[in-house]
Every structure is written in structure tokens, then in C-alpha cells.
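Undergrad: Structure of the sequence below:
(chains A, B, C and D)
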Protein chains: 2
Amino acid sequence: MVKIQDVAERAGTSISTVSKALNGSYTISPETTARIKSIADEMGYRPNARAQTFARKSTRSVVFLAKLGKDTAFESPHLFEILTGAEAALREKKYALSLQNCTAKNVCTHAHDIKMSKSADGLLIHASVVTRELALLLTREEIPHIIIGKPDFTSSLCWIDNDNRLSGTLAAKRLKSLGHKKIAVLAGHEDDQISEYRLEGIQSELAHSTHIQIYRGASTIEDGAQMAHALLTAPRRATAVICANNFLAVGCLRAFRQNNIRVPDDISLITFDEYPFAKFTDPPLTTISIDVFDLGTQAGKLLVSKIKKPGFHVQSHSTLPVLVARASDAMINMT
Amino acid sequence: MVKIQDVAERAGTSISTVSKALNGSYTISPETTARIKSIADEMGYRPNARAQTFARKSTRSVVFLAKLGKDTAFESPHLFEILTGAEAALREKKYALSLQNCTAKNVCTHAHDIKMSKSADGLLIHASVVTRELALLLTREEIPHIIIGKPDFTSSLCWIDNDNRLSGTLAAKRLKSLGHKKIAVLAGHEDDQISEYRLEGIQSELAHSTHIQIYRGASTIEDGAQMAHALLTAPRRATAVICANNFLAVGCLRAFRQNNIRVPDDISLITFDEYPFAKFTDPPLTTISIDVFDLGTQAGKLLVSKIKKPGFHVQSHSTLPVLVARASDAMINMT
DNA sequence: AAAATATGAGAAAGCGTTTTCCCAAAAAGG
DNA sequence: CCTTTTTGGGAAAACGCTTTCTCATATTTT
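TA: Coordinates of the predicted model:
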């Protein structure tokens, strides 16, 4: 294994000179720098990352903390899309990304361990595992971090998220503009943050003018279908339905088909996000979506900024939702 | 920051004793070990991971190499399910897992870099990026690795995979046992390894006794529907269809519905894998599936074994597929 | 009781960089 | 031409552990 010493000898310089040349320090002349670089190259010298990490007092790596388990990849593809986006951004900045499964219960232990053992420079944390205790820890220990998703309590954390509240508002606005007055909402359970914010946005937009029926269930195809059935048998049937996410929408679509309810002729449907099957459903779904990959890259970039300049403080940062109009919604049918 | 020195002073021993006690070396008496441990605990001592990594000449980390991009999380949830499984296994063995996006073109650079810079102890590599050149590199440099998926050429690599060929055979056997004689196969393109192995298994089982029609297209819902249309208009229409993956099956199902072909009454359908929506389709899909998460954990465990004892050599290792019978296939309709 | 062995603990040598000083030589200024 | 400043490069001190060697002391063996 060729080490810095070898390069130095071959170049007839000291090891500090080699280190400086390779790391682009201005205190070495351009000529020597070039010469050393070419020698190092020729010798196939790669600095030992373990030694660098130790000497630099920085790992140039961050860890991604989220709740992972069997089927998470299927149930929460967003999580991994974010991860992928983050990896891309971090790689560009020469940071490594490692993955750690944790829960809201043990996230503090994880974070504390990483901080104490100095095994990473920063944390990317999925909002679903963020607790008040963690918030305290992060600020007290001044751990560079970005929370992905909006933590559900006011705090001094740095977070970045799709603006789910605005998404809800957009969906509601859309249906209003199509003339709908009786709108049903298929929402997730109360502990489903994303669904909750969307619902808030919907309600704030619809509050006065419209009759809203809210149904709740798990964010699954099954429950979506069940809620759709309930909706169809309700006294004053809605003319449009907003599904808090794609799974609910798929279930809803299925229930409508079973009951020979045509979409969008008999009822309009609008949902959020952009799962790959969203454009393949029958009819293709109108959704309020965002670029999840981009959310990840932004989180990565932001985190690196925070690591590099501890003064740098982004309190929060939201990405804007946009309407992707397809064929599942339509002007209200007056007949 | 409390360091080993501080603990040693407080315990009235040398730092080597502390190190040994904490790392469970037998050369320290049980009493001293216990005493030191409790003092370290009390002082909140955490060894500096950067220093440990450096001193030990090992990072206790591995990197996962795969092709990642926008929508990969949606299109290949399996990849992330494997990743999650690997994380779980590695965590148990105290190894960290980091993620690196790469392509078949640059995978060698990545692997070489990691080896040279000693930034990880081993590699988990998705088969889709494995090239002959990489195989050479891995064996020449003796890089501990596990390939996930079967590399498409004979080599001395260590790989682990679901036995896709056997899965194909199982699917074919199932349809044969249900009395089908004319079977259509909706396969992916020739470069889709998984689909290819499945097809092989199907063909080897069906070769003599049965009439097979093979259709090819991309592994998407769209192409699945298209192939299904082709199948329906073919001269001697098949009584059963095997779809090389879930996406094709969904497309197929849709096309059948549009043409008022009932499943399984008019035609039987069987597919592979177990996407979460497989049990929610109409009718629920009969599939040949495996435990992808488990594939990941096995890969992780195997890799750690290879890292710890370089002599340890598993050439290959396959997980067994199993039939999950649902409602999309049935006895051939004789009428 | 002397010799051989086993045991517990410490001294010190790494591990391979980065980085902080420091100094000579060269350049600039008076 | 002498003094001051700049510039390029080297010496050496970290960085905080692990691990090998060595050595007393305690234990066993002869």
C-alpha cells in the first residue's frame, strides 16, 4: 500500500507538502503542486480514508435515521426516493450516506451515540421518528441535522418538507373551481402527519362554503375501498372526493367500479403524490404532487451547509406542490 | 469530551487496561474489567469511533452498491427491501451500512476507490451493475463482497439470490397440474435477468408437453396490457398466462377486464413476487414469491462472515421460492 | 524450596493523515 | 544596499485509540 510517505520520498519533499498539495492548500507553489499530483497519480496513491477521518476530526459522512422494517420499501417508497435523492446530493459534496433503522423510542439513543462516538458529521431524520426529547437533544448538543417532514410540534429544529397544508388547499381549490359543493375526504388516521396536514389545508379552504364529510382509516387500498363504500351510502352523497394519498385513491377507485359509479362522470376524485401507478389507473389520477427525489437532494445539500458553517441556520424550508391534472376529476355534473 | 485517558486516570490504571477491559480481552481480571466498565459508564465515556476505526484498521462498515435514480424506489421496491434487510443484519453485527449509487460503467471505479482508500470493509453489490471487469477486480484484490442477484456469467464471485429458475418451474408445474396445455408467457426484455431466469425455468418445465407463446416487452403495466391484447387476438388462444412480474400482471389484468375476459374463469393468471398490491388486485394474484427482506439479511450476514474470516467462501446461495395460491388461477375450463 | 509457568497489567509503538508553527529564501520596499 | 515583508516548504505535534511486547507477581510444578 503506497502511503503519503512514499509519495513524499519520490517527490523529494516532506509529507506535509504532499498533503497540502493534494488538498489544494495555497501555501504550495503551483509547480510543486502539479508535480506532486502527477507523482501521486502515477504511484496510484489513495489517502487512507480512516487516517484522514481521524486526523481531520470529521467523517465526511451523515446518517439517515428512519423507521425501516419489512415492507417499508413497498409501503413507503417515498422514504427511499428521498434517500436516493439525498445520496445524490451528498455524493456530489463528497459525503457518504449511511442508513440506520430506528424508532421514535430509540432515536435519541441513536443520535446520542453518533454524537458521542463522533461516527458521523450530521443527521438526516425522517419526521416520523422525531420526538420532543430528540428535539431537545439535537439543539442542546448542537447536532447538525435536517428533519425530513414537518415535526408535529413547534421547535427550533431544522426541517424541510413538501408543503402538505398548501397541497390540501390546492386540491380543495381545484374542486371548488370545478363547481363541487359537497366534498368527501378520505383521510388517514389522526397519527398520520402528512394526511393530517393535507386535511387541514382542505378544511381551511372549504370551511365556509362547502359541505365536507370526513372519513378515516388506515392508508391502505383496503381501507380506501371501505371508506368509499361508506361514502356512497351516506345520505347526501358527495360529488367529489379527495383521497389523502394514492393508496386510498386506488381503493376508492376499486369500490366505485364495483358499484358502477363512473369517475369522473358520477364523482370526481383527486389525490396527492405521484406513485408510478397513478398515471396507469383507470382513469388516470389527478394529483397534487411534488418532486420527492428533489426533496431528498435539497435535504442533503442543506445538511452539508449546516455541517460546514455551524452558523448557517435554516429554520424551515418547504417545497411547493403542483397540480397534475389528469382524468379523474371534472366539472360538476348538473343533471 | 471524556477520553480513554480520563477513564484510566479515574480508575488508576493505564489506558491499555481500559481498552482491553472495554473490548473484552481475557488478559484483564473480571474484577478490574467490571470496575473499569462501571467507571466508564458513569463518566459517559464513548470511544471515539474515528480513532477506533483508525487504530483497528477496519471501519466496521460496508457499502451497498446499486443503480439508483429518480423513481428507483417506486420501480424497484425490492432493491430497498433488500437494503432494509441488510441493514438489520449488519446492525446486529455492529456494522454500519452506507449507500452508493453507481452504474455498470463506473462500478469498478467505486469498488477500487473503496478498496484503495480503505473506506469500507466489504461490498454488497446489486447484480444489475456487475460486470466481468468488476468480477476480475473483486477476486484479484480479494475484496469481501456479496452480489445480490445472480451475475449473468460464470465467475468466482459470491452471490445470493432467489432461485428464479426454480420459480419459473414452479409456476409452470402449477399450471400443468391445473390441466393447462396452451400457456402464454409475458416476459420482460432479454436484458431483464430476473425475467430471463424465470422464463428458462418455465421453458424447461413446459418444453415437451405444452404449447408456449412468449411475448416480450418492458416490465411495465402499460406493456403488460399491450402484450395481453396481443395474446387475446392470437390464433390458438392460451388458457393460462404466466406474467414474469407483478407489473406485467397488473397490466394484463386490466387488458382482460377491458375485453370482458374473466380471470380465472376464461383464463388463468399466475405471476411472481409479492408486491403489496398483489393481494388487492381483482382477483388477488396467485404468485410465486420469496422473502426479499430475508434475502437482504442473509446477504448482510454472509458478508460479515466473509469479512471476519477471509477463508470463508460461499460460492453461491439461493433462497427458495414458494407458491402463494390466491384466486387468479384455476383448473382449466373444459367447456 | 527452587524452577517453571500462568496471569494481570503497563509501556510504548504504531495507525497515516492533517495542521500548526516556524524558518529560510526570495521579493519588495525604503 | 539594508530592512521588511511575503512566500514556499519542512518539522513536529496532534488525533485517540488498539495491540504487541515486556515484566512483575502469583501460581503451579518438580
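
Undergrad: Helix or strand, whichever it is, which one in chain A has the lowest mean pLDDT?
TA: Of all helical and strand segments in chain A, the minimum by mean pLDDT, DSSP states H and E falls on strand A:316-319, at a mean of 81.

Undergrad: Please put the alpha-carbon coordinates of that strand into CSV.
TA: Taking Å, rounded to 0.1, in the frame of the first residue of the first chain, the C-alpha atoms of strand A:316-319 are listed here in CSV:
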residue,chain,number,x,y,z
SER,A,316,-37.5,25.5,7.8
HIS,A,317,-37.9,25.1,4.2
SER,A,318,-40.8,23.9,2.1
THR,A,319,-41.1,22.6,-1.4
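
Undergrad: which residues are in contact with that strand?
TA: When contacts are defined by C-beta atoms under 8 Å, 6 or more residues apart in numbering or on different chains, strand A:316-319 is touched by residues A:150, A:158-163, A:166, A:290-291, A:294-295, A:298, A:302. All C-beta atoms are positioned from the backbone trio N, CA, C, and that covers glycine.

Undergrad: pLDDT, neighbour count and secondary structure for the residues you listed - can I get that in a markdown table?
TA: Listed next are these as a markdown table, based on pLDDT from 0 to 100; neighbours: other C-beta atoms under 10 Å in any protein chain shown; DSSP: H, G, I helix; E, B strand; the rest coil:
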| residue | pLDDT | neighbour count | secondary structure |
| --- | --- | --- | --- |
| A:Lys150 | 83 | 22 | coil |
| A:Cys158 | 90 | 23 | coil |
| A:Trp159 | 90 | 22 | strand |
| A:Ile160 | 92 | 24 | strand |
| A:Asp161 | 88 | 22 | strand |
| A:Asn162 | 86 | 27 | strand |
| A:Asp163 | 89 | 18 | coil |
| A:Leu166 | 93 | 18 | helix |
| A:Ile290 | 84 | 22 | coil |
| A:Asp291 | 86 | 18 | coil |
| A:Asp294 | 91 | 17 | helix |
| A:Leu295 | 93 | 23 | helix |
| A:Gln298 | 94 | 20 | helix |
| A:Leu302 | 94 | 22 | helix |
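
Undergrad: quick one: buried residues of the helix or strand harbouring A:Gly224?
TA: Using DSSP states H and E, A:Gly224 sits within helix A:221-233. The neighbour-count check on helix A:221-233 (16 or more other C-beta atoms under 10 Å in any protein chain shown) flags A:Ile221, A:Asp223, A:Gly224, A:Ala225, A:Gln226, A:Met227, A:Ala228, A:His229, A:Leu231, A:Leu232 as buried.

Undergrad: Which member of these is positioned nearest DNA strand C?
TA: For those, the closest approach to DNA strand C (C-beta to the nearest atom of the strand) belongs to A:Ile221, at 52.4 Å.

Undergrad: so which strand or helix has the closest residue to the closest one other than its chain neighbours?
TA: In this structure, A:Ile221 finds its nearest non-sequential neighbour in A:Gly251, 4.0 Å apart by C-beta to C-beta, 6 or more residues apart in numbering or on different chains. Taking DSSP H and E as the criterion, A:Gly251 maps to helix A:246-258.
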